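Colleague: only geometry, no sequence info:
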C-alpha cells in the first residue's frame, strides 16, 4: 500500500449529517456526553460513547459498552441513517471557525508507513487508552475516529484541493460549537490517482492528534493479518491548522512561599507584574498567575537550547526550570498536583481556578508551532505531555472506515 489510499466510506445518508455529527469521544465527560445526546437519537456519541445508553455508573471499558456500540452502529446502518459508498473514494474535508479555515483530505493512511516511521509520531501512548481503542475497533469492525495528520505544505496538493472544492459540498453542517464542517466526496478514478500520486511524493506525514487511534489501528491490522487495511485519517498542510496554547495549573507551591517562589523565578530571566492577563508572545516567555496578580517571565536567551528540538519547547523549559526543580513535579504525566487546560478556554479560566483556591498558580504558554512538532518527530524524539492543542477539532461520524 502507498502512503494513502481511497476507501469505501461509511457516511450519513443525504440530509442526515446534522443529526449524526458529534464531537470527538475524548473531549467531554460522561455527564456532558449524556446531555449532548438528549433528544438526538442518531448522534454518533451513541457509538463513540455508548455508555450513554447504559445505566449510570457503567464502566465505559466494560464489554457491554462495546457491544452496545456495535448494536447501535448496526441499527444506524439498517435504518439507512449511515450508508456505505459503492466505490472507493477520498473526501475533501473543510473546517471553518470564525475567520479560520483549513482544508484536508480524508483517506486511509498506511499502517505499514506508520510502523516503518514514514508516518511519524511525537508522543507516547498510554496502554489503557490504546487498549480501549483496540476493543472499540474490534467490536465495530470499523475505525470511526479519524487521526489528524499534518504534512509539509505542497503547492501541487493545494492546487488539487482547491480544484476539488469548486463545487457544492455534499455535507455542510455547523455544529453547536460554531464549527462548520464541509465534505466533498471525490470519486472520479483519474482524480483519485492524481491525488494519491501527489501525497505519495511527500517525504512523511506527522500525527498531530490521535496517537492512540493510530497505534490501536496498527495493532488491529496486525491481529487480522490480512494486509495493510490502513487507518482513518484526515491530512492537512502544516501551515493551515490552528495550534493553541496548552497551559498548566499547579495545586501548591511546595515548600516555597509566594515571595520566595517569585524570587527564584526572577533568577531565570526577567520577571515583571502585568496589569492584565499575560499572554506569552514568543518562545521562552510565560504568563504566571498567582492569586490576584499576573506576571510575565522572559527567560534569559542562554537558557533556551538552540539545537535541541525537544529541549527548546516551552513545555520542556517550564518543566526543566520550574515545575521540576522548584515545585518538585518530576512526572507531569502522573503527578496529581498538576492539571492541563487547552487554550480554547482562555486565560480567564486559569485565573478563575487560582482565585477560587482550587489551584495555587497558573502558567500560560506560547503555542507550540506545527514546525516544532515536525522537527521533534523528524528527530525521532518525544514531546512533553500536553504540548499541543489543535482547534477546531475533527468531528466523529462524518466518515468511518469499515474493515469488513
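Modeller: Great, that's in hand. From a predicted model like this one, the values you see are computed outputs, not experimental measurements.
Colleague: When you work out contacts or count neighbours from here on, use the C-alpha atoms and nothing else.
Modeller: Will do.
Colleague: Low-confidence ranges, the chain, go.
Modeller: 1, 226 (pLDDT under 70).
Colleague: repeat that with 80
Modeller: Regions of the chain meeting the criterion pLDDT under 80 cover residues 1, 225-228, 404.
Colleague: which residue ends up closest to the midpoint of it in space?
Modeller: Geometric centre of the chain, nearest residue: residue 209, 3.3 Å, by Cα atoms, centre = their mean.
Colleague: Show me what the nearest residue to that residue once chain neighbours are set aside is bridged to.
Modeller: Using Cα to Cα, 6 or more residues apart in numbering and skipping residues adjacent in sequence, the residue nearest residue 209 is residue 148, 5.0 Å away. Per DSSP bridges, the residues bridged to residue 148 are residue 209, residue 234.
Colleague: Thought residue 237 was touching residue 148, still the case?
Modeller: No: look at residue 148 against residue 237 with Cα atoms under 8 Å: they stay out of range, at 10.9 Å.
Colleague: Contact partners for the residue nearest to the centre of the chain?
Modeller: Taking Cα atoms under 8 Å, 6 or more residues apart in numbering as the criterion, residue 209 is in contact with 147, 148, 149, 390.
Colleague: how deep is the third one tucked in, by neighbour count?
Modeller: Burial measure for residue 149: 25 neighbouring residues, criterion other Cα atoms under 10 Å.
Colleague: Next secondary structure after the host helix or strand of residue 33?
Modeller: Assigned by DSSP states H and E, residue 33 belongs to helix 30-37. Reading on from helix 30-37 to the C-terminus, the next helix or strand found by DSSP H and E is helix 45-48.
Colleague: tell me what that following helix is packed against?
Modeller: Packed against helix 45-48 by the contact rule (3 or more Cα pairs under 8 Å, 6 or more residues apart in numbering; DSSP states H and E) you find helix 30-37, helix 63-78.
Colleague: And the strands in the stretch 201-350 of the chain, which stretches?
Modeller: Applying DSSP state E, counting those that start in this stretch to the stretch 201-350 of the chain gives strands spanning 205-209, 231-237, 243-244, 246-250, 269-274, 285-290, 293-299, 338-342.
Colleague: Mean neighbour count, those strands: which tops it?
Modeller: The highest mean neighbour count among those, using mean count of other Cα atoms under 10 Å, belongs to strand 231-237: a mean of 26.
Colleague: the inter-axis angle of it versus strand 205-209?
Modeller: Strand 231-237 runs at 100 degrees relative to strand 205-209, counting by axes from the mean of the first three to the mean of the last three Cα atoms, to 10 degrees.
Colleague: Now find how far off-centre strand 231-237 is within its chain.
Modeller: 12 Å (Cα atoms, centre = their mean, to the nearest Å).
Colleague: Can you list the helices and strands that it packs against?
Modeller: strand 100-109, strand 147-151, helix 211-224, strand 400-402.
Colleague: List of residues touching whichever helix or strand comes after the first one?
Modeller: The element immediately downstream of strand 100-109 (helix or strand, assigned by DSSP H and E) is helix 111-116. In this structure, residues lying in contact with helix 111-116 by Cα under 8 Å, 6+ apart are 1, 3, 119, 120, 214, 217, 218, 221, 228, 229, 230, 231.
Colleague: roughly how far out does helix 111-116 sit from the chain middle?
Modeller: 20 Å.
Colleague: strand partners of the helix or strand that it is followed by, parallel vs antiparallel please.
Modeller: Downstream of helix 111-116, the first helix or strand assigned by DSSP H and E is strand 119-120. Strand 119-120 pairs in its sheet with strand 205-209 (parallel), by DSSP bridges.
Colleague: Let me know how buried the nearest residue to residue 3 once chain neighbours are set aside is, in neighbour terms.
Modeller: Computed as Cα to Cα, 6+ apart, the closest residue to residue 3 that is not its neighbour in sequence is residue 110, at 5.3 Å. A count of neighbours around residue 110, defined by other Cα under 10 Å, yields 23.
Colleague: same check, this time on residue 159
Modeller: Residue 159, neighbours per other Cα under 10 Å, totals 10.
Colleague: cool, and residue 317?
Modeller: Residue 317, neighbours per other Cα under 10 Å, totals 20.
Colleague: Residue 141 now?
Modeller: For residue 141, using other Cα under 10 Å, the count is 15.
Colleague: Report the contact partners of the closest residue to it other than its chain neighbours.
Modeller: Counting by Cα to Cα, 6+ apart, residue 403 is the residue found nearest to residue 141 once chain neighbours are left out, at 5.3 Å. By Cα under 8 Å, 6+ apart, the contact set of residue 403 is 141, 142, 143, 229.
Colleague: Then residue 181?
Modeller: 93, 94, 95, 96, 171, 172, 173, 174, 175, 395.
Colleague: about what we covered before: would you list the buried entries among the contacts of residue 403?
Modeller: 142, 143, 229 (16 or more other Cα atoms under 10 Å).
Colleague: thought the last one was touching residue 222?
Modeller: No: because the distance of 9.8 Å does not satisfy Cα under 8 Å, residue 229 is recorded as not touching residue 222.
Colleague: Just say helix, strand or coil for the nearest residue to residue 30 once chain neighbours are set aside.
Modeller: In space, and not counting its chain neighbours, residue 30 is closest to residue 52: 7.2 Å by Cα to Cα, 6+ apart. With DSSP: H, G, I helix; E, B strand; the rest coil as the basis, residue 52 sits in helix.
Colleague: what about residue 52, neighbour count?
Modeller: Counted by other Cα under 10 Å, the residues lying close to residue 52 total 24.
Colleague: same question, residue 398
Modeller: 27.
Colleague: Touching, it and residue 19? I think so.
Modeller: No: between residue 398 and residue 19 there is no contact under Cα under 8 Å: 10.5 Å.
Colleague: contacts for stretch 246-260?
Modeller: With Cα under 8 Å, 6+ apart as the criterion, stretch 246-260 contacts 261, 327-328, 337-343, 350, 358-365, 367, 386-389.
Colleague: Tell me which of those residues fall in helices.
Modeller: Here DSSP state H is the test, and the contacts of stretch 246-260 give 261, 350 as lying in helices.
Colleague: buried subset of the contacts of stretch 246-260?
Modeller: 261, 327, 337-343, 350, 359-365, 367, 386-389.
Colleague: Which residue comes closest to residue 172 once chain neighbours are left out?
Modeller: That would be residue 182: by Cα to Cα, 6+ apart, it lies 4.5 Å from residue 172.
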